[in-house]
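[1] From the sequence below, what's the structure:
(3 chains)
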Amino acid sequence: MKFTAGQIAELLNGKVEGNEEAIVRNVSKIEEGKPETLTFLANPKYNQYIYTTKADVVIVNDSFEAEKEIKATLIRVPNAYEALAQLLEMYEQSIPQKTGIEQPSFVDDSAKLGDFVYVGAFAYIGENVRIGDNVKIYPHTYIGDNVKIDDNTTIYAGVKVYKNCIIGKQCTIHAGAVIGSDGFGFAPNANNEYKKVAQIGNVVLKDYVEIGANTTIDRATMGSTVVQKGVKLDNLIQIAHNVEIGENTVIAAQSGVAGSTKVGQDCMFGGQVGIAGHITIANGTKAGAQTGINKSIKKENSIQFGSPTMDMGEFNRSYVVFKRLPQLKSQLDELKKKLEE
Amino acid sequence: MKFTAGQIAELLNGKVEGNEEAIVRNVSKIEEGKPETLTFLANPKYNQYIYTTKADVVIVNDSFEAEKEIKATLIRVPNAYEALAQLLEMYEQSIPQKTGIEQPSFVDDSAKLGDFVYVGAFAYIGENVRIGDNVKIYPHTYIGDNVKIDDNTTIYAGVKVYKNCIIGKQCTIHAGAVIGSDGFGFAPNANNEYKKVAQIGNVVLKDYVEIGANTTIDRATMGSTVVQKGVKLDNLIQIAHNVEIGENTVIAAQSGVAGSTKVGQDCMFGGQVGIAGHITIANGTKAGAQTGINKSIKKENSIQFGSPTMDMGEFNRSYVVFKRLPQLKSQLDELKKKLEE
Amino acid sequence: MKFTAGQIAELLNGKVEGNEEAIVRNVSKIEEGKPETLTFLANPKYNQYIYTTKADVVIVNDSFEAEKEIKATLIRVPNAYEALAQLLEMYEQSIPQKTGIEQPSFVDDSAKLGDFVYVGAFAYIGENVRIGDNVKIYPHTYIGDNVKIDDNTTIYAGVKVYKNCIIGKQCTIHAGAVIGSDGFGFAPNANNEYKKVAQIGNVVLKDYVEIGANTTIDRATMGSTVVQKGVKLDNLIQIAHNVEIGENTVIAAQSGVAGSTKVGQDCMFGGQVGIAGHITIANGTKAGAQTGINKSIKKENSIQFGSPTMDMGEFNRSYVVFKRLPQLKSQLDELKKKLEE
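    Numbers count the residues shown, from 1 in each chain, chains lettered A, B, ... in the order given. This is a model prediction of the structure:
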């Protein structure tokens, strides 16, 4: 590929500052910028690199103010990250898409496939499966009996979807994810042995959901484990049986939600967060990485941190003192001694 | 399906309170109960919903005492959760089971399969494998050379079992689990490079073991990593090389046990618990979610919490003060000031 | 197999103490030693077992000093663990290796395979893939378009490698690992909906890298997520987009590194460690299990612990006081009371 700064500015509705004829043939990160590449600056943490980057063109926010001379040509846009996303998407869409049914694959006679689907080699599609238009099913994917997958959804290699699950439109499920495995339900008997409780429910993913690689979502004991519209789950996340995740909630990698918990909409959780079972998390709740939420969060839009969780501000104030506990103890001991004297 | 409350009570040896002829066609959760469905009440957290549920029939414990009028018909049984489990299992067993060998699959000529097995399409069964009666091996499963799988075990789609591992009777292994990957063993040299230590042992799963989706169990360096009878492991758990997990121990999702540790029997660990290597955990130990057990637990039946772990009661008492540390510090500062005056 | 203590000592350049003719037919762990087996003693935690083990031959460090009589024959070597590693490797290499292309498998016409490769049944090899000599690709592995895999690398069953990724020489990737899934990048709009940012970069694994079972490594948004030479990653680890892991760094299971972070060389992290995004970790940093590193670590060779992280010594000193916080509070209350009197 080969573009000028001027051509890119036109695509993005941006303003060029510098050489309109600067040529880019590839993209690069600002801190590793190479000649004839395009890069971007959105996170102020990286401001320092704009003065030294060897990239020839940098997309920046309209609000960006240079503190010294910049060699690169700038393209100013209202939101540099969105503009980048737009460019990357154009690039992605210029790559030819997979279509057709590769062989060998296994498609049960009772399954119905929409138009323009891709079914990779070694994919398995069970009885009575319904697959919409433009769906892409990569190799080694297992689609159990009676599963429904709606239009424009992409399922990458090796995903396993157990029977009866329902997947919406425009979803993306990454390699190795497991949808609909049995919930972890056992009834103990008098000898401390655990008898399995059959898990006859399913998993429902609504539209625009993205599920990360090797993430697991268990089927409900009865009814459905539900992931609402627009939810984004990162890699290696555990969603237990009968959980509901609210609309547009975003969860980072290796977090887990235990059984029957209802997470509200517009929540954001960092990595390795744990959420206990049978609780409710209010809309707009945020939690820092490794937070352990062990009780319902009733107030909307709070920020949680620590294990067990606290209001983040309170946790931080306590942790400042925790760091100085030995000194605190010394002071107390000294005081005690003085008083005894 | 269509049953009356009377018919279900008869199956469960329960007593009807209300309309014996009430009809149910499906099951539902008590908080989302729908007409013509059956639900249950076992966890007192959900008591409130029994007065408003639209489910027509509710299974309750004999000991349940209503605080106001209930519209639904009740079926009283000694243990509502067990009764539900019994019903769900009947339902599950009424669904036709998979049998036979789907094509294309790969079964080495030297492998021996029992009666009534299911081998899904794209399953791989290596040299000298021994598979018992009624075993179900779903599509995309990899069974390495010399593996033995005993009767009535179910292995879901995409499970990978490395060579020489041994799996007992009546086990269930969920999609994406990996049994027998190399232990994490490296010998550092003088240049800080790590040389791999060959892992020539195996993994042994005894009878009635359940392994969750995408859980990983490493093979022993020498000898066996052993998961004893009746153990239940949830999703995304890591069991390192040479570990032993005792009988009927139950571990929730995303927990990990490091190398050579021996976990006793009848233990229960919450989610995201970490257990260090080369230690011993006494029988009946319990640990709350996210606990970090960094030393042997010698006393049986203790409850552990915190990272690093403490007795749960002690942790909680300390954490109560942690939450008020800024006030504690202020009080101390004030005292000091007063004393100086 | 059957060897005498004398033969093994010769292989290892060690010295026999006891019966040169003692016979071993297998290996065992020292605490479970059986007659006619070889075992080893490297970790002093296990010293006690050498006096009671039933193994007939024990490899020990030259520096080992017996405190009472030992029945077993000893083989003294400079480093018992390295000597064991050497023996295990000889054993491993004596087992016949898989070679050839099993059927059915899917190898695109445009792919190029080196000499002596193994391609297992149901493996998928996409367009323009380049595979070096002696590479082993186990069943159910997915190798996306344009992927390059260099000589002597082993990829176990069910690994998924997305398009354009590059894997070095002498690497080992365990079952279920996912290399090159999309980074978790979304741009929020005014309605709190998230628009996916296309991830057009790749993952580069340099030589001598080992990746554990079900570990996930996301592709870069632009450029590469890079795992440098000699890095060892355990199972169920998450490496986010645009991360770089420095040479010979070792990370234990279930740890995660968030986006764009640079981890130095020769680092060692325990299990379940979390590392925030957009930070830098100095060479030689160590972190205890469950540590939460939320800021750049600038000093080399520090030891980190706690969540959020502290210098390990400082954390431990604070935690000692944390454990006694209720008593501290009582003392303070008492002091206050006294002073008020």
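[2] Kindly report the residues of the stretch 151-300 of chain A close to chain C.
    Contact residues (Cβ under 8 Å from any Cβ of the partner chain) of the stretch 151-300 of chain A with chain C: A:156-158, A:172, A:174-176, A:208, A:210, A:212-214, A:230, A:232, A:234-236, A:248, A:250, A:252-254, A:265-266, A:271-272, A:288-290. Backbone N, C-alpha and C define where each C-beta goes, glycine included.
[3] Any residues of the stretch 1-150 of chain A in contact with chain C? List them.
    So the stretch 1-150 of chain A meets chain C at A:27-29, A:32, A:39, A:43, A:45, A:79, A:81-82, A:84-85, A:88-89, A:91-92, A:102, A:104, A:120-122, A:138-140 (Cβ under 8 Å from any Cβ).
[4] For those residues, which PyMOL command selects only the ones that are buried?
    Buried members of the residues of the stretch 1-150 of chain A next to chain C, defined by 16 or more other Cβ atoms under 10 Å in any protein chain shown, are picked up in PyMOL with:
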select buried, chain A and resi 27+28+29+39+81+82+84+85+88+102+104+120+121+122+138+139+140
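[5] Mind checking which of the residues of the stretch 1-150 of chain A next to chain C land in strands?
    A:27, A:39 (DSSP state E).
[6] Return the subset of the residues of the stretch 1-150 of chain A next to chain C lying in helices.
    A:81-82, A:84-85, A:88-89, A:91-92 (DSSP state H).
[7] OK, contacts around A:Asn202?
    Residues near A:Asn202 by Cβ atoms under 8 Å, 6 or more residues apart in numbering or on different chains: A:162-166, A:180, A:219-220, A:224-225.
[8] rerun at 7 Å
    A:164-166, A:180, A:219-220, A:224 (Cβ atoms under 7 Å, 6 or more residues apart in numbering or on different chains).
[9] export the residues you listed to a markdown table and tack on pLDDT, secondary structure and distance to C:Ser110?
    What follows is the contacts of A:Asn202, written out as a markdown table (pLDDT from 0 to 100; DSSP: H, G, I helix; E, B strand; the rest coil; distance: Cβ to Cβ, whole Å):
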| residue | pLDDT | secondary structure | distance to C:Ser110 |
| --- | --- | --- | --- |
| A:Asn164 | 98 | coil | 39 |
| A:Cys165 | 98 | coil | 35 |
| A:Ile166 | 98 | strand | 37 |
| A:Gly180 | 98 | strand | 36 |
| A:Arg219 | 98 | coil | 40 |
| A:Ala220 | 96 | coil | 45 |
| A:Ser224 | 96 | strand | 43 |
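[10] List only buried entries from those.
    Buried, going by 16+ other Cβ under 10 Å: A:164-166, A:180, A:219-220, A:224, out of the contacts of A:Asn202.
[11] which one of the residues you listed sits closest to C:Asp115?
    Top of the list for closeness to C:Asp115, among the buried ones among the contacts of A:Asn202 and by Cβ to Cβ, is A:Gly180 at 42.7 Å.
[12] nearest residue to the closest one other than its sequence neighbours?
    Once flanking residues are discounted, A:Gly180 sits nearest to A:Tyr162: 3.2 Å by Cβ to Cβ, 6 or more residues apart in numbering or on different chains.
[13] so what's the one you found up against?
    A:144, A:179-181, A:219.
[14] rewinding a little: out of the contacts of A:Asn202, the closest to chain C would be?
    A:Gly180 (17.6 Å; Cβ to the nearest Cβ).
[15] The closest one touches A:Arg219, doesn't it?
    Yes - under the criterion of Cβ atoms under 7 Å, A:Gly180 makes contact with A:Arg219 at 4.5 Å.
[16] got any residues that touch both of those two?
    Residues within reach of A:Gly180 and of A:Arg219 at once, by Cβ under 7 Å, 6+ apart, are A:162, A:202-203.
[17] Among these, which one lies nearest to C:Ile70?
    Distance to C:Ile70 across the shared contacts of A:Gly180 and A:Arg219 (Cβ to Cβ) is lowest for A:Tyr162, with 54.9 Å.
[18] any idea of the pLDDT on that closest one?
    Model confidence at A:Tyr162, expressed as pLDDT, equals 98.
[19] any idea how far chain B is from A:Glu193?
    Between A:Glu193 and chain B the distance is 5 Å, computed by Cβ to the nearest Cβ, to the nearest Å.
[20] give me phi/psi at that residue?
    Main-chain dihedrals, A:Glu193, degrees, to the nearest 10: phi -90, psi 150.
[21] and it, what does it touch?
    B:230, B:248.
[22] tell me the domain boundaries of chain A?
    Chain A is divided into the following domains under automatic domain parsing: A:3-94, A:101-316.
[23] Quickly compare those and say which is most buried.
    domain A:101-316 (a mean of 23; mean count of other Cβ atoms under 10 Å in any protein chain shown).
[24] can you tell me the distance between the two ends of that one?
    55 Å (Cα to Cα, to the nearest Å).
[25] With stretch A:10-28 instead?
    Start-to-end, stretch A:10-28 (Cα to Cα) is 20 Å.
[26] What residues does the stretch 51-200 of chain A have near chain B?
    Residues of the stretch 51-200 of chain A lying near chain B by Cβ under 7 Å from any Cβ of the partner chain: A:104, A:106, A:122, A:124, A:140, A:142, A:158, A:160, A:176, A:178, A:181-182, A:184, A:186-187, A:192-198, A:200.
[27] Among these, which ones are in strands?
    A:106, A:124, A:142, A:160, A:178, A:181, A:186-187, A:194-196.
[28] Dump the buried ones among the contacts of A:Asn202 into CSV; add distance to B:Ser296 as well.
    As requested, those are arranged in CSV below (distance: Cβ to Cβ, whole Å):
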residue, distance to B:Ser296
A:Asn164, 45
A:Cys165, 43
A:Ile166, 47
A:Gly180, 39
A:Arg219, 37
A:Ala220, 39
A:Ser224, 43
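[29] so which pair among these is furthest apart in space?
    Using Cβ to Cβ, the buried ones among the contacts of A:Asn202 span at most 12.0 Å, a distance reached by A:Ile166 and A:Ala220.
[30] picking up where we left off before, the shared contacts of A:Gly180 and A:Arg219 into CSV, with extra columns for distance to B:Lys299 and secondary structure?
    What follows is these, written out as CSV (distance: Cβ to Cβ, whole Å; DSSP: H, G, I helix; E, B strand; the rest coil):
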residue, distance to B:Lys299, secondary structure
A:Tyr162, 41, coil
A:Asn202, 43, strand
A:Val203, 41, strand
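[31] out of these, who's nearest chain C?
    A:Tyr162 (17.1 Å).
[32] near chain B, which residues of the stretch 201-341 of chain A show up?
    So far as Cβ under 7 Å from any Cβ goes, the stretch 201-341 of chain A lies against chain B at A:214, A:216, A:222-223, A:236, A:238, A:240, A:242, A:254, A:256, A:258, A:274, A:276, A:278, A:292, A:307-308, A:310, A:317-318, A:321-322, A:328, A:331-332, A:335, A:338-339.
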